[in-house]
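[1] what follows is a predicted protein model with its sequence.
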Amino acid sequence: MPQKRPVPLTQKAWIRGSAYLNEFQPSSLGLRLKGYTSVTIDNIPMRLTCRGFPSNRGAGIMAFRRHVALLAMGKWEPEVSTFLGRMLTKGDVFIDVGAWLGVHTLFASTLVGENGRVFSFEPDPVAHKMLRRNITLNHARNVELHTEALSDTIGTSNLVPITAFGMSYSGVLEQTSSVGIPIQTTTLDQFVSNACVIPKIVKVDVEGFEDKVIAGGKGTVSNPNTCIVIEFHSKQLVERGQDPQAVFRSLFGFGKEVVAIASRGKLHEEDLIPGETGCCWNDGHIALVPSAQSAGWI
């Protein structure tokens, strides 16, 4: 009998991820939805649901399957979860800006414990519904959800879908657009002031609007007790007419160590932005770490 050819790890992950996604989508046989599945991220178990994700097989579905494959492997942005695991302790405050399904929100919720607090922002209405279900599934009582988008102004804007709402890169803010849906915007500094908290870590993943979150949060970013984790989206910044390298250089004006999370290497103002190394996760995550805390990471 001929031996079966071993399936490469990446293909196994794809198969597992596809099966995971299919648990939440109506099949042609009309099978009942399972509702959720269990994954483990850096030894922290959590339940996740994708119920409510658009069932169309459009342009975004393949990228979504890649993301789901990573979740199935327990490897969703591993450099970020490693950083959070090293820096967050019981009683800390974590702010998740661009939470999507809530993987980092739930991860941080466990790390900070019942005396800690997690504030999770997701303006995409489809993603927010999935996020809310995941918080409920995991009984994460220390998590507070918000539908506002963090920006550089307080007011209203339009969230315009790139492919479809619910994707991890589903929309952009356009104040003058006639399409999309209206949403409320606020600033990081205004929120922190109103909540009367000092966050230990603020994670920012906003698809090319990093500069606006930073502009509206200069006081928080400057706080000597706060770390900032930013996923850089150079392509989307360029599409908005911004210079990614200029945005990168602006991070050096807050008196903190600027670190490439994946390599744990210290960055300098003249360096190039750490770039993408693959289609699924990248080393474009940058952290602003107070000097007093940088010894634990660099």
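    Sure, I can see it. Numbering: from 1, shown residues only.
[2] make it CA atoms for all contacts and neighbour counts henceforth
    OK.
[3] where does pLDDT dip in the stretch 101-250 of the chain?
    For the stretch 101-250 of the chain, the stretches flagged by pLDDT under 70 are 162-179.
[4] can you map out the strands along it?
    117-121, 143-146, 149-150, 155-161, 171-174, 181-186, 201-204, 227-231 (DSSP state E, counting those that start in this stretch).
[5] out of those, which comes closest to S294?
    strand 227-231 (9.7 Å; C-alpha to C-alpha).
[6] give me the contacts around that closest one.
    When contacts are defined by C-alpha atoms under 8 Å, 6 or more residues apart in numbering, strand 227-231 is touched by residues 200-206, 210, 221, 284-290.
[7] returning to what we had before: which of the strands of the stretch 101-250 of the chain sits most buried?
    The highest mean neighbour count among these, using mean count of other C-alpha atoms under 10 Å, belongs to strand 149-150: a mean of 28.
[8] can you put the strands of the stretch 101-250 of the chain in TSV and add distance to V80?
    What follows is the strands of the stretch 101-250 of the chain, written out as TSV (distance: least, C-alpha to C-alpha, whole Å):
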stretch	distance to V80
strand 117-121	16
strand 143-146	19
strand 149-150	20
strand 155-161	26
strand 171-174	22
strand 181-186	25
strand 201-204	9
strand 227-231	8
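[9] to R132, which of the ones you listed lies closest?
    Among the strands of the stretch 101-250 of the chain, strand 143-146 comes nearest to R132, with 7.5 Å by C-alpha to C-alpha.
[10] now do stretch 254-264: distance to the chain's middle.
    How far stretch 254-264 lies from its chain's middle: 18 Å, per C-alpha atoms, centre = their mean, to the nearest Å.
[11] buried ones in it?
    For stretch 254-264, the neighbour count (16 or more other C-alpha atoms under 10 Å) marks 254, 256-262, 264 as buried.
[12] ok so, going back, the contacts of strand 227-231: which two are farthest apart?
    Every pair of the contacts of strand 227-231 checked by C-alpha to C-alpha; the farthest is V206 and P290, at 22.5 Å.
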